[in-house]
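Chemist: no sequence for this one, just the structure:
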């Protein structure tokens, strides 16, 4: 499947996204640490930074006015409170990089600084957003406990008024935490969807590569099945012509007449032409993603024609072919044809001149047996036969697709290629 069929990803309005999501979109999935080095603050991040700074400054001004109205505070606290408020506001610049550390520090600062209330709220939001509830809840609880004595000192009033202040601050703190955790959950969902999309893309690319590899293997298998048979026939005829001319030169055989030379060259030319035609059929078949019934029917040649062709090439063949072969499904006929073709080709290469026995027998409702055998040299085993498995790997895959099994053996002086496949239901 071509890679261009994959839908293009929609363009991102990066300036509207948080920097965290932009870094996730730009990161190389093979380098997870790349997220921390890419994409600085976006336009949205700058806008948010300005907004939270305004919130912190407003909180500072309000806290400063409350501080001026209080009369029972010691002098050192009046000096330390605004200084710590300014420090808390400045610390907002690093709230994304060190949210937990700044959260703990400002929780301590909030115990003696009324002007830092706005910055504390923003930092608690950042802790909830970037570190989750495991950090945010303890830090918020600690900030509330540490701030309680200062609240009671700064706002001396009745017990009911102080309790109202505590409840109000607690609810405000819970609202900040809930908002931060909600935004965090949404970002995690987006990142999870992004990771799932990346995984799907990698799986698609892997499947695409596997399909390409499978297609290349299919092409190689078809090329081998077609060319090995034809080239072996060409080798036999060319070898016979070379032997005949060599013996004629030495006087051991009569000189070939022009008619004999013409006939031998015609056989070589005919086989070469047939090899080109079969190769063209294979290429035409592989150009289509789905072969039609007519294309498949044209590709399957009659098995008797293959046997007769081998006999004309000087290969003695004795065959027993089932009469029901033509009634079988076309893919099964093609597999039987390739099995016999490979057996004849191997016999020509490894046992030239030996008689080949071809057996195609069917047992309706049970199995189909295809066997090609020929005499093997004395003392030869399967591992001694050079190249005997080159084309059999593809044949084994073909037979396995039909639920069958391919075996090859040397026994009683014969090499046997045998395939058993279940009868098609």
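Modeler: That came in fine, so what should we check first? Worth saying up front: this structure is predicted, and the values here are computed from it rather than measured. Numbers count the residues shown, from 1 in each chain.
Chemist: and the longest helix anywhere in the chain, what's its mean pLDDT?
Modeler: If you go by DSSP state H, the chain has its longest helix at helix 159-250. Helix 159-250 shows a mean pLDDT of 76.
Chemist: And for stretch 115-130?
Modeler: Here stretch 115-130 scores 86 as its mean pLDDT.
Chemist: now it, how far from the centre of its chain.
Modeler: Between the centre of stretch 115-130 and the centre of its chain there are 43 Å (CA atoms, centre = their mean, to the nearest Å).
Chemist: please begin residue numbering at 17 from this point
Modeler: That works, and once the first residue is 17, the last one we named lands at stretch 131-146.
Chemist: which neighbours does the one helix or strand residue 423 maps to have in its sheet, and in what orientation?
Modeler: Here residue 423, judged by DSSP states H and E, is contained in strand 421-427. For strand 421-427, the paired strands and their directions (DSSP bridges) are strand 430-438 (antiparallel).
Chemist: circling back to that earlier point, what helices and strands are in contact with the longest helix of the chain?
Modeler: With contacts taken as 3 or more CB pairs under 8 Å, 6 or more residues apart in numbering; DSSP states H and E, helix 175-266 sits against helix 35-42, helix 133-147, helix 149-170, helix 274-303, helix 346-366, helix 408-417. To be clear about C-beta, it is placed using only N, CA and C from the backbone, and glycine gets the same treatment.
Chemist: cutoff 10 Å now
Modeler: helix 35-42, helix 133-147, helix 149-170, helix 274-303, helix 319-328, helix 346-366, helix 408-417 (3 or more CB pairs under 10 Å, 6 or more residues apart in numbering; DSSP states H and E).
Chemist: Which among these is found nearest to residue 183?
Modeler: helix 149-170 (11.0 Å; CB to CB).
Chemist: and the closest one, which residues are buried?
Modeler: Buried residues in helix 149-170, counted by 16 or more other CB atoms under 10 Å: 151, 152, 155, 156, 158, 159, 160, 163, 164, 166, 167, 170.
Chemist: wait, the third one sits on residue 161?
Modeler: Translated: residue 155. No: between residue 155 and residue 161 there is no contact, the gap being 11.0 Å when judged by CB atoms under 10 Å.
Chemist: where do the contact lists of the two overlap?
Modeler: residue 123 (CB atoms under 10 Å, 6 or more residues apart in numbering).
Chemist: So in this protein, where's the weakest helix or strand by average pLDDT?
Modeler: helix 309-315 (a mean of 47; mean pLDDT, DSSP states H and E).
Chemist: I'd say residue 336 and residue 386 touch.
Modeler: No: assessed by CB under 10 Å, residue 336 is found out of contact with residue 386, at 11.0 Å.
Chemist: which residues do these two both contact?
Modeler: With CB under 10 Å, 6+ apart as the test, residue 336 and residue 386 both reach 374, 375, 376, 377.
Chemist: Of the residues you listed, grab the buried ones for ChimeraX.
Modeler: With 16+ other CB under 10 Å as the criterion, this ChimeraX line picks the buried residues out of the shared contacts of residue 336 and residue 386:
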select :374,375,376
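Chemist: Just name the closest of the shared contacts of residue 336 and residue 386 to residue 102, please.
Modeler: Distances from residue 102 to the shared contacts of residue 336 and residue 386, taken as CB to CB, are shortest for residue 376 (95.1 Å).
Chemist: returning to what we had before: neighbour-wise, which of residue 336 and residue 386 wins?
Modeler: The neighbour count for residue 336 versus residue 386, taken as other CB atoms under 10 Å, is higher for residue 386 (27 against 10).
Chemist: Pop out the phi and psi values for the more buried one.
Modeler: In terms of degrees, to the nearest 10, the main-chain angles of residue 386 are phi -120, psi 120.
Chemist: ok, now residue 333?
Modeler: phi -130, psi 130.
Chemist: pLDDT value on it, please?
Modeler: pLDDT, read off for residue 333, is 91.
Chemist: wait, doesn't it sit right on residue 372?
Modeler: Yes: between residue 333 and residue 372 there is a contact at 5.0 Å, judged by CB under 10 Å.
Chemist: can you list the weak-confidence ranges in the stretch 17-166 of the chain?
Modeler: Under the criterion pLDDT under 70, the flagged ranges of the stretch 17-166 of the chain are 17-33, 35-36, 38-56, 85-88.
Chemist: Quick one: the helices in it, in order.
Modeler: With helices called from DSSP state H, counting those that start in this stretch, the stretch 17-166 of the chain shows them at 35-42, 59-85, 91-107, 115-125, 133-147, 149-170.
Chemist: about what we covered before: from the buried residues of helix 149-170, which is closest to residue 362?
Modeler: residue 151 (71.8 Å).
Chemist: Kindly provide the distance from the closest one to residue 144.
Modeler: Distance of residue 151 to residue 144, computed by CB to CB, to the nearest Å: 8 Å.
Chemist: can you list residues touching both of the two?
Modeler: Both residue 151 and residue 144 are contacted by 115, 119, under the criterion CB under 10 Å, 6+ apart.
Chemist: thought residue 412 was touching residue 434?
Modeler: No: assessed by CB under 10 Å, residue 412 is found out of contact with residue 434, at 11.9 Å.
Chemist: Give the burial count for residue 110, as a bare number.
Modeler: 12.
Chemist: For it, give me its contacts.
Modeler: 117, 118, 142.
Chemist: want to try a markdown table for the residues you listed, with distance to residue 422 as columns?
Modeler: Output for the contacts of residue 110, formatted as a markdown table (distance: CB to CB, whole Å):
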| residue | distance to residue 422 |
| --- | --- |
| 117 | 68 |
| 118 | 70 |
| 142 | 67 |
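Chemist: May I see the ChimeraX selection of the buried members of these?
Modeler: Restricted to buried positions by 16+ other CB under 10 Å, the ChimeraX selection for the contacts of residue 110 reads:
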select :118,142
